[in-house]
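Q: Could you look at this predicted model? Sequence included:
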Amino acid sequence: MAPPPWAGAASHEQYFVLLTGANSGVGLGIGERIIDEFLASRSLTSHLILIPTTRSVSKSRDTVQSLRAHLVKTAKAPNVLRSRVGPDYDPQTVISRVHIYSVQLDLCNIRSIYNAAKQLAHGEVSDPTGLAGNVKIPRLDAALFNAGIGGWSGLDWPGLIKQFFTEGLVESCTFPSFKMALPAATLDKRKLLGDAASDLKTSPPKLAEVFCANVFGHYVLAHELLPLLSRTDPDLPQGRIVWTSSTDAGREHLSFEDFQAQRCHPPYENSKRITDLLCLTADLPSVQKVSAPYFSSPATADKPIKPRLYLSHPGVVCTPLFPLHWTLFWLYWAAMYVARWCGSPWHTVESYLGACATSWLALADQETLDSLRAERVKWGSSADRAGHAAPKKTEVEGWGWEGKVENRQALEREGGERVLRKLVGRKKGSTDLTEDGLVEFEEDGRRCWEELERLRTAWEKAVREVDAKEAKGKHES
C-alpha cells in the first residue's frame, strides 16, 4: 500500500477528525468550519484528515464532494490564508493539505457501529469519489458526535399560540413547548442481529430508535474507538470526544423509570438530557467508579491517557430535522432572525454559525481548554445581531454554567460582550443552582452511566455471540 499523502508531515502536524452525521445541516456546517478554522489557525505545513460518516456510499460521495468544493472555495478566496502566506500563495498547496475520506455508519444498527469502528481501528478508510486510494488511520484526535434524529410529528398549534402570547417570540423560538413527539419506535432485534437473534442464550434489552441514534449508538462507537482515541505518548494531543446536545434539555425530560423515553417523555429532549449528564459528570469521583470499565479495554492496556469528553450545542438552527411544510419552514426561518435581532444569543439560524462551538472544541489548544476547565461546561454556539458567532457557556439545570454555585449579584454585574454574559439567553423561570442540586445532578449522572454500561455490555455480549455463530456456520459450510 502506498504511503498516505500526509506521510511527510511530522506526527504533531497531522490532525485526524471523525464527524458523524456530516451529510447535511449542522454536520455539514461543522465539516466546512473545521476546514476553514484549521487552515486559518494551524501551521502552513500541517495536514487535516477529515472523516465524515454517513449511512450510505452515495451520501458519503455527495458529502465528500461538497466538502471538497468548500475547500476549493476557501483556498481561492482573497482571505486570511493569502495574508498568512504572502505573495507566493498557491491555492493548490492549501488544498493538498486537507484530505477527506468517509466511512458508512448507521447509529441505529449496532453491528454497523462495530463494523465501522473495526474498519477505522484495524482496516482502511476510503475515498468514495475514487480520487484517492485507501489509507490506514493511526489515531483520532477528535471524534465529533453530531448525528441524530428528532422524532417529532408536528406542532401543537394551541400550545404554540399560548406560549407565544404568554412568553413572547424569543422564548417560544428558543425553548418551544409545543413540539409533538412521535410514539417511540423500538428497533427490531432481528434486523440488528440477523436470524441468529432468536437463538441467543440471553436476549439483549430493547432499544428505542431516537435513544439509539442520539445517545447509545455514539456511546458504543466511542468505546470501540478507544484504541484510536487513547494515547501512550504524552507529547501527542489528548483525544477529544465532542458530544452534541441542545438548548432545551431540562430535568423534566428524563425519568429513570422510562430511561429511553418509550412511553411518555419526548425522545429527542430525553436523549439530550442524558447526553448532558453523561458528559458533565464523567470525571466526578462517584461517577468514575461506574464509568471506569467503559474507558478500559484490552486494546488500550498500554495507552493510559484516555480521551476527554466535551459538550456542545449548535444553538437554534433552521434545518429539516423538524418536519414542517415549506411555507411554514420559511416563516420559521424568518422568526429565527427576528429572535436574534431581538437580542437572543442562541439563534445562530445557519448551520455554519451553529457549528462554531463544536469546531472550537475540536481545534482549540489543549492549554486553552484546560485553563477554562472546558470539560465542565456545556458550550453553545451563539451569535450577535450581526451574525458573529462565538462559543458561549450554557446553563444546565442542576449543574449551572460550570458545575458550581455562583453568586447572583456577581452574575448580574458580569461584564464583557453582552451576548456572552451568562444571564443573557437564560430560560425564563430558571432557578439558581444550589449545593443540593449539584448532588442530585451527580447522582443522576451516575445512574445514567450505570444504565448505559448495562446496555452496552449486554449488546456487546449479544453481538459477539452472533458473530461466533455466524463464523462457525461459515466454517462448517
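A: It's in. Just so it is clear, the model here is predicted, and its values are computed rather than measured. Numbers count the residues shown, from 1 in each chain.
Q: any idea how far Leu229 lies from Glu37?
A: Using C-beta to C-beta, to the nearest Å, one obtains 21 Å as the distance from Leu229 to Glu37. C-beta coordinates here come from the backbone N, C-alpha and C atoms, glycine included.
Q: hang on, I meant Gln92
A: Taking C-beta to C-beta, one finds Gln92 at 20 Å from Glu37.
Q: higher neighbour count, these two?
A: Between Gln92 and Glu37, counted using other C-beta atoms under 10 Å, the more crowded position is Glu37 (18 against 9).
Q: What helices and strands are in contact with whichever helix or strand that one is part of?
A: When elements are assigned from DSSP states H and E, Glu37 belongs to helix 25-41. In terms of contact count using 3 or more C-beta pairs under 8 Å, 6 or more residues apart in numbering; DSSP states H and E, helix 25-41 is assigned the packing partners strand 14-19, strand 47-54, helix 57-76, helix 80-85, strand 98-100, helix 351-354, helix 356-363.
Q: For the ones you listed, could you give me CSV that also reports distance to His325 and mean neighbour count?
A: Below are the helices and strands packed on helix 25-41 laid out as CSV (distance: least, C-beta to C-beta, whole Å; neighbours: other C-beta atoms under 10 Å):
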stretch, distance to His325, mean neighbour count
strand 14-19, 30, 24
strand 47-54, 26, 24
helix 57-76, 25, 18
helix 80-85, 41, 14
strand 98-100, 34, 23
helix 351-354, 21, 24
helix 356-363, 29, 26
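Q: Tell me which of the ones you listed sits nearest to Thr129.
A: helix 57-76 (5.5 Å; C-beta to C-beta).
Q: For Lys189, see how far away the nearest residue to Thr20 once chain neighbours are set aside is.
A: With sequence-adjacent residues excluded and distances taken as C-beta to C-beta, 6 or more residues apart in numbering, Thr20 is closest to Ala147, at 3.9 Å. Using C-beta to C-beta, we find Ala147 at a distance of 22 Å from Lys189.
Q: just Ser297 next, same as before
A: Between Ser297 and Lys189 the computed distance is 25 Å (C-beta to C-beta).
Q: Might you report the residue contacts of Cys173?
A: By C-beta atoms under 8 Å, 6 or more residues apart in numbering, the contact list for Cys173 reads Val316, Ala335, Met336, Ala339, Ser344, His347.
Q: Now it: which helix or strand?
A: Once you assign secondary structure using DSSP H and E, Cys173 falls within helix 169-174.
Q: quick one: buried residues of that helix?
A: Buried positions in helix 169-174, judged by neighbour count with 16 or more other C-beta atoms under 10 Å: Val170, Glu171, Ser172, Cys173, Thr174.
Q: would you turn those into CSV with pLDDT?
A: What follows is the buried residues of helix 169-174, written out as CSV (pLDDT from 0 to 100):
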residue, pLDDT
Val170, 94
Glu171, 93
Ser172, 92
Cys173, 90
Thr174, 92
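Q: Which of the residues you listed sits closest to Ala458?
A: For the buried residues of helix 169-174, the closest approach to Ala458 (C-beta to C-beta) belongs to Thr174, at 37.7 Å.
Q: was I right about that closest one contacting Gly425?
A: Yes. At 7.3 Å, Thr174 and Gly425 qualify as touching, with contact defined as C-beta atoms under 8 Å.
Q: where do the contact lists of those two overlap?
A: Among the neighbours of Thr174, those also in contact with Gly425 (C-beta under 8 Å, 6+ apart) are Ser344, Trp346.
Q: Helices of the stretch 201-350 of the chain, start to end?
A: Remark: helices assigned in the stretch 201-350 of the chain by DSSP state H, counting those that start in this stretch are 209-211, 217-224, 226-229, 267-280, 285-291, 326-341.
Q: so which of these is the most packed in?
A: Among those, ranked by average contacts under mean count of other C-beta atoms under 10 Å, first place goes to helix 267-280 (a mean of 26).
Q: just how off-centre is that helix within its chain?
A: Once both centres are worked out by C-alpha atoms, centre = their mean, to the nearest Å, helix 267-280 turns out to sit 11 Å from its chain's centre.
Q: Which residue, other than its chain neighbours, is closest to Cys448?
A: Spatially, and ignoring its direct neighbours in sequence, Cys448 is nearest to Leu277 (4.6 Å; C-beta to C-beta, 6+ apart).
Q: that older thread, compare Ala147 and Lys189 and say which one has the larger neighbour count.
A: Applying other C-beta under 10 Å to Ala147 and Lys189 shows that Ala147 carries more neighbours, namely 25 against 19.
Q: quick one: the more buried one and Gly21 touch, right?
A: Yes. Because the distance of 2.7 Å satisfies C-beta under 8 Å, Ala147 is recorded as touching Gly21.
Q: For the two, list the residues in contact with both.
A: Overlap between the contact sets of Ala147 and Gly21, as judged by C-beta under 8 Å, 6+ apart, is given by Gly27, Thr53.
Q: Would you quantify the distance from Ala339 to Thr174?
A: Applying C-beta to C-beta, the value for Ala339 to Thr174 is 7 Å.
Q: Enumerate the beta-bridge partners assigned to the residue most central in space within the chain.
A: With distances taken as C-alpha atoms, centre = their mean, Phe145 lies nearest the centre of the chain, 2.8 Å away. In this entry, Phe145 is beta-bridged to Trp243, by DSSP bridges.
Q: Glu450 - how many residues pack around it?
A: 15.
Q: quick one: pLDDT of Leu423?
A: The per-residue pLDDT reported for Leu423 equals 96.
Q: my guess is it contacts Ala410, does it?
A: No. Here Leu423 lies out of contact with Ala410, judged by C-beta under 8 Å, at a distance of 10.6 Å.
Q: between the two, which one's more packed in?
A: Comparing Leu423 with Ala410 by neighbour count (other C-beta under 10 Å), the higher total belongs to Leu423, at 12 against 9.
Q: which residue sits closest to that one, ignoring its sequence neighbours?
A: Leu423 sits nearest to Leu411 (C-beta to C-beta, 6+ apart), 5.5 Å away.
Q: Okay, that neighbour and Gly150: tell me how far apart.
A: Note on Leu411: its distance to Gly150, by C-beta to C-beta, is 33 Å.
Q: which one of those two has more residues nearby?
A: Neighbour comparison, Leu411 and Gly150: the larger count goes to Gly150, with 21 against 15 (by other C-beta under 10 Å).
Q: can you confirm that one is in a helix?
A: No. Counting by DSSP: H, G, I helix; E, B strand; the rest coil, Gly150 falls outside a helix, being coil.
Q: wouldn't it be in contact with Asn270 here?
A: No. Applying C-beta under 8 Å, one finds Gly150 not in contact with Asn270, separated by 12.0 Å.
Q: Touching both of the two, which residues are there?
A: Residues touching both Gly150 and Asn270 (C-beta under 8 Å, 6+ apart) are Val210.
Q: doesn't Gln104 make contact with Val125?
A: No. In this structure Val125 lies outside contact range of Gln104 using C-beta under 8 Å: 10.3 Å.
Q: pLDDT at the nearest residue to Leu284 once chain neighbours are set aside, what is it?
A: Nearest in space to Leu284, with sequence neighbours left out and distances taken as C-beta to C-beta, 6+ apart, is Glu442 at 5.3 Å. As predicted, Glu442 sits at a pLDDT of 97.
Q: same thing with Asp127?
A: Note for Asp127: predicted pLDDT of 95.
Q: Which residue, neighbours along the chain excluded, lies closest to Asp36?
A: Nearest in space to Asp36, with sequence neighbours left out and distances taken as C-beta to C-beta, 6+ apart, is Thr74 at 5.6 Å.
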